[in-house]
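J.: The following block contains a protein sequence and its predicted model.
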Amino acid sequence: MSPARPEPIAARRVLVDGVSTRYYEHGSGPAVLLVPGVASSARDWFPVMRELGDSCRVLAPDLPGIGGTSPLPGVEPARVAAFLAGFLDVLGVDGVTAVGHSYGGLLVAELTLSRPGLVNRLVLVDACGLGRAAHPAAIALGMLPERAADALSALMSLPGSQIPLALSTLLLLRQPWRVPLRTWLAQARLSHSRQALRTSLEVFRECADATGQRRDILVVDRLPRIRVPTLVVWGDGDPLFPFWQGRAAARRLPAGRFVLLVGAGHVSYLDRHTDFMDALGPFARDSADRLP
């Protein structure tokens, strides 16, 4: 007999406060929320979803204005975190392990602070909002006037343009050959969406200024209020946000633990997938009394 095929990851759609929201779901058990960063599709989480789905109900929504979810009136972290809370409420989730990458890390930190009873474990992956330091390219994008950002998003979305994909490869990955082909194809499709590019540039303008990450979006001073077990994971070669920011943030968390992924860049969960799952898997699956 041939082995049974694994259950496919299901694409679903739901209304969250009137916003048509696409999300992916896999598995059953304790809920795990996976939140991508800007210019990223929820499909980037598929390798993680496949591994966690044997013991967890894994949910990965597309962020508003990126992928298959309609945009919100703004991209302020508190606003988008409230959207994520509404998403979980609509699905009847009353307790979740919240995992966020980059801007998504800032969002799940805000979610934990605003709805502490909803998030019972937190994972911050190469997260925004944990310090001022940022790559000069992120600062430059944050400094773009609105009209210039609109013009750039139009240029980058032209047919045949590979600028976004080339930039993301150069900036965000240390080992691009490890990334599954399906992830590359999803990223290529997203890189030609003017809406997704415009929203991503709007996030950069919201989160960065001439001196780095904007002070008013930082959560670092509020980290001591996050009392749930928290895993901070970082690539040692992350050029966007330096790993020492993550290490320092973990020390400020009452139940924080830091894991450094050697040989990984900003998208550490793709660069060093096996090492990432070695850290995330037990943290998401094990009973609370086994967590360090």
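T.: Ah, there it is. Numbering: from 1, shown residues only.

J.: Counting neighbours, what do you get for residue 260?
T.: Residues near residue 260, counting by other C-beta atoms under 10 Å, number 18. All C-beta spots, glycine's among them, are computed from the backbone N, C-alpha and C.

J.: how far away is it from residue 276?
T.: Separation of residue 260 from residue 276 (C-beta to C-beta, to the nearest Å): 11 Å.

J.: mind listing the helices in the stretch 51-200 of the chain by residue range?
T.: Ranges of helices in the stretch 51-200 of the chain, per DSSP state H, counting those that start in this stretch, are 77-90, 103-114, 136-142, 146-156, 163-172, 181-190, 194-207.

J.: where does the stretch 1-150 of the chain dip in pLDDT?
T.: 1-6, 144-150 (pLDDT under 70).

J.: redo that, cut-off 50
T.: Residue ranges of the stretch 1-150 of the chain with pLDDT under 50: 1-4.

J.: For the residue nearest to residue 125 when sequence neighbours are not counted, list the residues it contacts.
T.: Nearest non-adjacent residue to residue 125, counting by C-beta to C-beta, 6 or more residues apart in numbering: residue 101, 4.3 Å away. Each residue near residue 101 by C-beta atoms under 8 Å, 6 or more residues apart in numbering is listed here: 35, 36, 37, 40, 125, 126, 127, 267, 269.

J.: how close does the fourth one get to residue 128?
T.: Distance, residue 40 to residue 128, using C-beta to C-beta: 12 Å.

J.: Could you name every residue contacting both of these two?
T.: residue 102.

J.: Next, count neighbours for the residue lying closest to residue 39 once chain neighbours are set aside.
T.: Excluding the flanking residues, the one nearest residue 39 by C-beta to C-beta, 6+ apart is residue 200, at 4.2 Å. If you count neighbours by other C-beta under 10 Å, residue 200 ends up with 27.

J.: circling back: the residue nearest to residue 125 and residue 248: what is the separation?
T.: 19 Å.

J.: Ok, residue 34 next?
T.: Residue 34 is 25 Å from residue 248, by C-beta to C-beta.

J.: out of the two, which sits in the busier spot?
T.: residue 34 (28 against 16).

J.: so the more buried one makes contact with residue 57?
T.: No. Look at residue 34 against residue 57 with C-beta atoms under 8 Å: they stay out of range, at 11.4 Å.

J.: Which phi and psi values does the residue lying closest to residue 142 once chain neighbours are set aside adopt?
T.: Leaving aside its sequence neighbours, residue 142 sits nearest to residue 208 (C-beta to C-beta, 6+ apart; 2.7 Å). Phi and psi for residue 208, reported as degrees, to the nearest 10, are phi -130, psi 150.

J.: so what's residue 208 bridging to?
T.: Note on residue 208: beta-bridge partners residue 213, judged by DSSP bridges.

J.: Please report the distance of it from residue 215.
T.: 11 Å.

J.: what about those two, which has more around it?
T.: Taking other C-beta under 10 Å, residue 208 and residue 215 do not tie; residue 208 has more neighbours (24 against 11).

J.: In contact with that one: list those residues for me.
T.: Taking C-beta under 8 Å, 6+ apart as the test, what residue 208 contacts is 134, 138, 139, 141, 142, 143, 214.

J.: How about the contacts made by the fourth one?
T.: By C-beta under 8 Å, 6+ apart, the contact set of residue 141 is 149, 201, 204, 205, 208.

J.: For the fourth one, give its distance to residue 8.
T.: Between residue 205 and residue 8 the distance is 37 Å, computed by C-beta to C-beta.

J.: Pick out whichever of these two has more residues nearby.
T.: Per other C-beta under 10 Å, whichever of residue 205 and residue 8 has more neighbours is residue 205, with 19 against 8.
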